[in-house]
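**Q** Next one to model:
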Amino acid sequence: MLLTRRMLNQILRGWRIWHIPAELKKELLEEFGNPCIDDEGHLHDYTEQDICEHLRKILLPYTGPKGSGPGQLSQAAQADSERELDAVK
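**A** Okay, the predicted model is just below:
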């Protein structure tokens, strides 16, 4: 799987990251938009999980306040989740 501009924009919107520097966006597309070559010269694609995990780590400084970044629940969603767990008990 290769990262496209459209896919990157969808990920950014989904993670509520509204602005990143154009240079960073270009670097991400160059890095993950092309097949990678390992140390032995073998060509292989990234998996969707690889791309998302790398992007999550790279884009963490561009997320909003705690709870609004990739892989994190908002405070309201977290409270709802806790209430559901309490109801099950």
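**Q** quick one: the helices in the protein?
**A** Ranges of helices in the chain, per DSSP state H, are 5-14, 22-32, 48-59, 75-88.
**Q** Which of those helices sits closest to Asp38?
**A** helix 48-59 (12.8 Å; Cβ to Cβ). Where you see a C-beta, it was placed from the backbone N, CA and C, and this is true even at glycine.
**Q** mean confidence for the closest one?
**A** Helix 48-59 carries an average pLDDT of 92.
**Q** Flag every buried residue along it.
**A** Buried positions in helix 48-59, judged by neighbour count with 16 or more other Cβ atoms under 10 Å: 51-52, 55-56, 59.
**Q** re earlier: now distance to Glu40 too, for the helices of the chain, in TSV please.
**A** Output for the helices of the chain, formatted as TSV (distance: least, Cβ to Cβ, whole Å):
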stretch	distance to Glu40
helix 5-14	28
helix 22-32	20
helix 48-59	18
helix 75-88	44
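**Q** Out of these, which gets the lowest mean score?
**A** Taking the mean pLDDT of the helices of the chain, helix 75-88 comes last: a mean of 51.
**Q** Next one: the closest residue to Thr4 other than its chain neighbours from Arg16, what distance?
**A** Leaving aside its sequence neighbours, Thr4 sits nearest to Gly33 (Cβ to Cβ, 6 or more residues apart in numbering; 6.6 Å). Separation of Gly33 from Arg16 (Cβ to Cβ, to the nearest Å): 23 Å.
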